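just to be clear, the model below is a prediction. Sequence and coordinates:
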Amino acid sequence: MPSPAKIDIQPLVETDQILALNKPPGLPTTGRDLDDEDCLQYQVMAREGAMVWALHQLDKNTSGVVLFARKKSAVQRWQRRWTDGQIQKYYVALVHGSLSESPLRIEAPIKRLARPGYTEVAIADDGKPAITEVKQLSSTGPYSLVIVRLLTGRTHQIRAHLQHVGCPLIGEKLYNSIPCAHHDRQALHAMAITTDQSAPLDCIKAPFPDDLRQLATRLGIDLAPLALWMAGLPSN
C-alpha cells in the first residue's frame with residue numbers, strides 16, 4: 001500500500017459545499033484526531049488549506065467514492081439525506097463462491113464486539129438492524145463479481161454480511177474463514193453514490209481500480225456485465 005505522503009488525491013466532483021474523492025486503499029477516511037497525518041481527511045485539509053468534514057466512512061482498505069463537506073452547515077443536511085434514504089451507495093466486490101439467489105436481500109443484525117482498541121462486529125440477534133442487497137453480475141463458480149447496495153450503514157456491514165451468506169470478500173482477513181492469497185486487501189470498491197441532488201451530484205462514480213481489474217482477470221471473471229451496469233447509471 002502507498003504511504004500517506006505519496007497519496008495522489010483524485011477529486012471526482014467538486015462544488016462549493018461538497019468534495020467527492022476517489023479514496024485509495026490503505027488509508028483510513030478519518031484519523032484519531034485532526035492532526036493525524038495517516039488519514040484521508042488530513043490529506044484533504046492540507047490540499048484545501050481549510051477544515052473539511054467526512055460525511056461517511058470507508059474502511060481503510062476499501063477504495064472508491066467518499067464525500068467531504070467543505071462547509072460545516074452542509075453536514076447536517078447531508079446526514080439527514082443518508083438517514084432519509086435519499087442517498088444510495090453502490091459497491092463492487094469480488095467474492096468467494098456464488099450467491100444462492102440473485103438479487104439477494106440480507107437482513108442480519110450486526111453487533112459491535114467489545115474489544116478495546118480493535119474494531120470487529122458479529123451477526124447477533126441483539127445487534128442493530130442491518131440490510132444489504134447483493135446482485136451477482138458474473139461468476140466462475142469458485143469466485144463471483146457482485147454489486148452491493150447498502151440500505152443501512154453499520155460498521156463492517158458488507159464484509160460481515162457477505163461472510164454470513166457464505167461469500168466472503170476475496171482478500172478479506174477478518175471476516176473470512178477461507179484461506180486466500182489472491183489479493184493483499186479486501187476486494188471491495190465504493191463504485192457509485194446517487195443522490196436526490198442535481199448534476200453533478202446526482203451520480204458520482206469512481207473508476208474500477210486497476211488492482212481489482214487485474215485480480216478479476218487472474219480469476220477469469222468477466223467484467224463486461226459491470227460496464228453494462230455502470231452504463232445504466234446517470235452520467236456525471
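Perfect, thanks for sending it.

show me the biggest helix of the chain in terms of residues.
Using DSSP state H, we find that the single longest helix of the chain is helix 73-84.

any buried residues in that helix, and which?
Residues of helix 73-84 classed as buried by neighbour count (16 or more other C-beta atoms under 10 Å): A74, W78, W82. Just so you know, the C-beta spots here come from the backbone N, C-alpha and C atoms, and that holds for glycine as well.

helix, strand, or coil at the residue nearest to L215 when sequence neighbours are not counted?
Nearest non-adjacent residue to L215, counting by C-beta to C-beta, 6 or more residues apart in numbering: H183, 5.3 Å away. Recorded secondary structure, H183: coil (DSSP: H, G, I helix; E, B strand; the rest coil).

and the contacts of the helix or strand of the chain at the bottom of the mean pLDDT ranking?
Least confident element among the helices and strands of the chain, by mean pLDDT, DSSP states H and E: helix 73-84 (a mean of 89). Helix 73-84 is contacted from outside by Q17, I18, W53, L55, H56, L67, A69, I87, G153, T195, D196, using C-beta atoms under 8 Å, 6 or more residues apart in numbering.

most neighbours out of the residues you listed, which is it?
Neighbour count (other C-beta atoms under 10 Å) singles out L67 as the most crowded of the contacts of helix 73-84, with 25 neighbours.

coming back round to it: could you report the neighbour count for the residue nearest to L215?
19.

if I look at it, how far off is H161?
Counting by C-beta to C-beta, to the nearest Å, the separation of H183 from H161 is 19 Å.

now the strands for the protein?
Using DSSP state E, the strands assigned to the chain run over residues 11-14, 18-23, 53-54, 63-69, 88-96, 104-107, 110-112, 121-123, 131-139, 143-150, 188-194, 203-205.

so for Q214, which of the ones you listed sits nearest?
Among the strands of the chain, strand 88-96 comes nearest to Q214, with 11.0 Å by C-beta to C-beta.

what about dumping the CA coordinates of that closest one to PDB?
Only the C-alpha atoms of strand 88-96 are listed here, as PDB (Å, rounded to 0.1, in the frame of the first residue of the first chain):
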ATOM      1  CA  GLN A  88     -27.800   5.400  -2.400                       C
ATOM      2  CA  LYS A  89     -24.400   3.700  -2.100                       C
ATOM      3  CA  TYR A  90     -23.300   1.000  -4.500                       C
ATOM      4  CA  TYR A  91     -20.200  -1.200  -4.100                       C
ATOM      5  CA  VAL A  92     -18.500  -3.700  -6.400                       C
ATOM      6  CA  ALA A  93     -17.000  -6.700  -4.800                       C
ATOM      7  CA  LEU A  94     -15.100  -9.900  -5.800                       C
ATOM      8  CA  VAL A  95     -16.100 -12.700  -3.500                       C
ATOM      9  CA  HIS A  96     -15.600 -16.400  -2.900                       C
END
